[in-house]
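[1] Give the three-dimensional model of this entry:
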Amino acid sequence: MRSTFKILFFLKRDKQKTNGTVPLYCRITVDGQEARFGMKCDVNPKYWDVKTGRATGRTAEAANANALVDTTQAAIYKIYREMQERKNYVTAEKLKNMFLGHEQKQHTLLTMFDTHNEDRKGQVGVNLSKSTYEIYCIARNLYANFLSSKRNITDIPLIEIDKQFLIDFETYMLGCNYSKNYTICILSKLRHIINVAINKELLIKNPFKDYPMQWQKGKRGFLTQAEIETFIDYQFNERRLEKSRDIFIFCAFMCLKMES
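    Numbers count the residues shown, from 1 in each chain. Next comes the predicted model:
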């Protein structure tokens with residue numbers, strides 16, 4: 001879906017100079033969000049047409065101002081079209097920064113995963129289980145494999161992750177014979193990373209909004225006697241898992257039902 005996009009040139013009349021001229025500004029609007037910047041050009045407000053966004057008259061000053069407006073508008077439109085063609089996430093601020101040549105720090109998916117996982121590594125055994133930490137590491141590698149094999153890239157800016165990315169990744173996972181529930185589990189890890197980015201104000205839009213995350217209900221079979229004995233003898237690395245196993249075995253022998 002294409003975004004709504006508009007460029008407006010106007011005079012900043014509250015910044016009038018002693019010679020009566022007023023600074024010329026450009027305002028970019030994308031999907032209702034604005035970004036503005038000064039054009040480093042002053043115009044006499046008597047010769048400015050608000051409707052057309054152009055200077056009137058045949059003076060050299062008017063010609064210079066209009067030439068600046070035309071070249072600026074053409075350059076911003078060009079940047080906008082290129083971003084649309086690459087299916088990049090377009091914002092007014094990003095358009096402004098690219099036009100002005102300002103460097104924007106890119107917050108990418110895998111770097112966010114790496115930072116998140118490194119932070120969580122120190123919490124293992126304190127307020128985070130080892131298995132939870134490990135699934136985030138697995139998720140990171142699965143997204144890296146997807147980007148490499150399906151997008152032919154090594155990483156992707158967070159702002160370029162949209163619903164189509166989620167659809168493509170889910171299709172990729174199912175095509176690799178991962179189960180629906182495991183795929184949803186890995187997607188939920190990405191959703192957590194996206195929420196972290198939103199909380200840090202690195203993102204505005206959430207690609208997971210209205211995206212279906214439905215777990216598949218499956219029929220559970222019965223464990224055989226041999227499977228139960230294997231389960232009893234299995235040595236877990238965490239006391240929490242051992243406790244869960246003991247409760248399950250107790251309920252199984254007592255014919256009690258465990259609620260998931």
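
[2] tell me which element Leu24 is part of?
    strand 22-30 (DSSP states H and E).

[3] got any ranges where the stretch 1-150 of the chain has weak pLDDT?
    Residues of the stretch 1-150 of the chain meeting the criterion pLDDT under 70: 1-3, 86-89, 102-106.

[4] ok, which stretches of it are helices?
    Here the stretch 1-150 of the chain has its helices, by DSSP state H, counting those that start in this stretch, at 60-85, 92-100, 109-121, 130-146.

[5] Next, format these as a markdown table and append distance to Lys12 and mean neighbour count.
    The C-beta positions use only the backbone N, C-alpha and C, and glycine is treated the same way. Converted to a markdown table, those look like this (distance: least, Cβ to Cβ, whole Å; neighbours: other Cβ atoms under 10 Å):
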| stretch | distance to Lys12 | mean neighbour count |
| --- | --- | --- |
| helix 60-85 | 14 | 14 |
| helix 92-100 | 16 | 17 |
| helix 109-121 | 38 | 15 |
| helix 130-146 | 45 | 16 |
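
[6] In JSON lines: those helices, plus distance to Asp210.
    Putting the helices of the stretch 1-150 of the chain into JSON lines (distance: least, Cβ to Cβ, whole Å) gives the following:
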{"stretch": "helix 60-85", "distance to Asp210": "22"}
{"stretch": "helix 92-100", "distance to Asp210": "24"}
{"stretch": "helix 109-121", "distance to Asp210": "21"}
{"stretch": "helix 130-146", "distance to Asp210": "21"}
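
[7] Figure out which of those helices is closest to Tyr47.
    Using Cβ to Cβ as the measure, helix 60-85 is the one of those that comes nearest Tyr47, at 5.9 Å.

[8] Compute the inter-axis angle for the closest one and helix 92-100.
    120 degrees (axes from the mean of the first three to the mean of the last three Cα atoms, to 10 degrees).

[9] From the contact counts, what lies against helix 60-85?
    Here helix 60-85 is seen to pack against strand 5-11, strand 22-30, strand 33-43, strand 54-55, helix 92-100 when contacts are counted using 3 or more Cβ pairs under 8 Å, 6 or more residues apart in numbering; DSSP states H and E.

[10] quick revisit: of all the helices of the stretch 1-150 of the chain, which one comes closest to Cys185?
    Per Cβ to Cβ, nearest to Cys185 of these: helix 130-146, 7.1 Å.

[11] Averaged pLDDT, the following helix or strand past the closest one. What do you get?
    Sequence order places helix 163-175 as the next helix or strand after helix 130-146, per DSSP H and E. Averaged across helix 163-175, the pLDDT comes to 95.

[12] by contact count, what packs against helix 163-175?
    Under the contact criterion of 3+ Cβ pairs under 8 Å, 6+ apart, helix 163-175 touches helix 130-146, helix 180-199.

[13] quick one: stretch 211-226 to chain centroid distance?
    32 Å (Cα atoms, centre = their mean, to the nearest Å).

[14] what's the average pLDDT for that stretch?
    79.

[15] Could you export it as PDB, CA atoms only?
    Presented in PDB, the C-alpha positions along stretch 211-226 are these (Å, rounded to 0.1, in the frame of the first residue of the first chain):
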ATOM      1  CA  TYR A 211      -1.500 -10.200  12.100                       C
ATOM      2  CA  PRO A 212      -3.000 -13.600  13.000                       C
ATOM      3  CA  MET A 213      -0.900 -15.600  15.500                       C
ATOM      4  CA  GLN A 214      -3.000 -18.700  16.000                       C
ATOM      5  CA  TRP A 215      -1.700 -21.800  17.600                       C
ATOM      6  CA  GLN A 216      -2.900 -25.100  16.200                       C
ATOM      7  CA  LYS A 217      -4.600 -27.500  18.500                       C
ATOM      8  CA  GLY A 218      -3.300 -31.000  18.100                       C
ATOM      9  CA  LYS A 219      -4.500 -34.300  19.500                       C
ATOM     10  CA  ARG A 220      -2.300 -35.600  22.300                       C
ATOM     11  CA  GLY A 221      -1.500 -39.300  22.300                       C
ATOM     12  CA  PHE A 222      -0.800 -41.400  25.300                       C
ATOM     13  CA  LEU A 223       2.700 -42.100  26.600                       C
ATOM     14  CA  THR A 224       3.800 -45.700  26.600                       C
ATOM     15  CA  GLN A 225       5.300 -47.400  29.700                       C
ATOM     16  CA  ALA A 226       8.700 -47.200  28.100                       C
END
